[in-house]
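>>> sequence isn't available, so here's the structure alone:
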DNA sequence: AAAAAAAGAATGATCGTTCATTCTTCTGCT
DNA sequence: AGCAGAAGAATGAACGATCATTCTTTTTTT
């Protein structure tokens, strides 16, 4: 019993240290990129010695992977919360989550990090695999929203156009994420009007020429 | 006279060497990223000594900037060629240029490089400035297409919806670029059907519910 | 006192960059 | 034309800095 409590307390401490390191690493990665951020800088940011990091992580690449995993998980959570809303609410929700660009927030995807990890995936097979699994899950979840009946909170799109719509939806959101990261000062009203123009089209069953 | 000829020949040689270095650097940057690619690797790829590179470029960061400048120029060229076509031709043209992912081609934007430089722009102010100028030019050119009258090869959109449409267009293309880079094996037919569904909507004056 | 946690110096490798040196090419003179 | 010598091009070793990682030592906790 005593041992179990002790182990649990130690585990809590270990977990807290790991989170501290990850928070510092994320900040450094956002500021300098995966490769340009050094272990010394991460250690300074986490206010601990460089050597200590290796008690909690085997290597720098393990930290990178942990950060990526965390970001993917956060994004999936955000996605899960999103679909249960009307189209206008969705517009606001998307803009809000596009705007979260803080370097330290582990609960939202940072734009620079998104690009950093996408670029890294073209070189590191392990990261590529993780991203591919994530992408497949996201697109199939979006496809689910679109094809589910309206009575069940979906949009009732016919099966044959769902995959293309899901792809367009994802590409549009990601494209906006990239754009906001490249132009942080871009007019939010412009983005809102663009979104509220295109979202109904993507979510409506058909749009023939009138 | 003799001197001018001599100078010109020497200049040609210098230019050729610079291009050789840039080609090697681009390949290395695509394969490893800006920071993980070393000058030694670039020199090896260019089949010259590391020291020689510094005869033609002041620093590694100067090479990075030259690469970025070249990619932006190539992209603008591609854009200029694109608008003079029908909507169906445009679909094909977009898919084609999205697909060019070769590491050595200086005439098209590489997807990994696109993300690498976008991420780098969030840290390096000089790169950020270059990208911002480029982005502004691209969006205003797209806006030009959209607002120009049909008789003049445009799409005759009313002024008030042009900026939002231009933004959507750019985000969609960039989102697709990112997606193809992350999922190189993605079904091209899916992309084509998605594009041919959405492009007419983006290029048509209005799309009210029927 | 024993064990775990943390620090920080040390390691070898590699980084971008420079430098002294050699090789190549071209020029002007005979 | 053919050779001496200047100029430019190229090399590869060397530099100090910094990298990720390991190791020894000190501090803290139990």
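Done, it's in. Since we're looking at a predicted model, the values are computed, not measured.
>>> helices along chain A, start to end?
Along chain A, the stretches classed as helices by DSSP state H are A:2-32, A:39-46, A:50-56, A:60-82, A:87-99, A:111-121, A:125-147, A:162-182, A:188-203.
>>> low-confidence ranges, chain A, go.
Of all residues in chain A, those with pLDDT under 70 make up the ranges A:1-7, A:9, A:84-85, A:206-210.
>>> next, find the distance separating the closest residue to DNA strand C within chain A from residue A:43.
When scored by C-beta to the nearest atom of the strand, chain A has residue A:51 as its residue closest to DNA strand C, at 1.9 Å. C-beta coordinates here come from the backbone N, C-alpha and C atoms, glycine included. Residue A:51 sits 8 Å away from residue A:43 when distances are taken as C-beta to C-beta, to the nearest Å.
>>> of those two, who's got more company?
Between residue A:51 and residue A:43, counting by other C-beta atoms under 10 Å in any protein chain shown, residue A:43 is the more crowded of the two (19 against 9).
>>> need the contact list for the more buried one.
For residue A:43, the set of contacting residues under the criterion of C-beta atoms under 8 Å, 6 or more residues apart in numbering or on different chains consists of A:24, A:49-50, A:52-53.
>>> from DNA strand D, how far out is it?
For residue A:43, the distance to DNA strand D equals 8 Å [C-beta to the nearest atom of the strand, to the nearest Å].
>>> next one: residue A:134
24 Å.
>>> ok, residue A:11 next?
Residue A:11 sits 13 Å away from DNA strand D, taking C-beta to the nearest atom of the strand as the criterion.
>>> interface residues of chain A facing DNA strand C?
Residues of chain A lying close to DNA strand C (C-beta under 7 Å from any atom of the strand) are A:10, A:13-14, A:17, A:47-52, A:55.
>>> among these, which two are most distant?
Put simply, by C-beta to C-beta the two of those set farthest apart are A:10 and A:50, 22.6 Å from each other.
>>> show me which of the two is the more surrounded one.
Legend: neighbour count by other C-beta under 10 Å for residue A:10 and residue A:50, higher for residue A:50 (14 against 10).
>>> circling back to that earlier point, got a quick ChimeraX command for the buried subset of the residues of chain A next to DNA strand C?
Here is the ChimeraX command that selects the buried residues among the residues of chain A next to DNA strand C (16 or more other C-beta atoms under 10 Å in any protein chain shown):
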select /A:17,48
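>>> now render the residues of chain A next to DNA strand C as JSON lines, adding distance to residue B:199.
JSON lines is the format used below for the residues of chain A next to DNA strand C (distance: C-beta to C-beta, whole Å):
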{"residue": "A:10", "distance to residue B:199": "59"}
{"residue": "A:13", "distance to residue B:199": "56"}
{"residue": "A:14", "distance to residue B:199": "53"}
{"residue": "A:17", "distance to residue B:199": "51"}
{"residue": "A:47", "distance to residue B:199": "52"}
{"residue": "A:48", "distance to residue B:199": "53"}
{"residue": "A:49", "distance to residue B:199": "56"}
{"residue": "A:50", "distance to residue B:199": "52"}
{"residue": "A:51", "distance to residue B:199": "56"}
{"residue": "A:52", "distance to residue B:199": "55"}
{"residue": "A:55", "distance to residue B:199": "55"}
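>>> show me what from chain A comes close to DNA strand D.
Counting by C-beta under 7 Å from any atom of the strand, the residues of chain A near DNA strand D are A:6, A:9, A:37-41, A:50-51, A:54, A:59-61.
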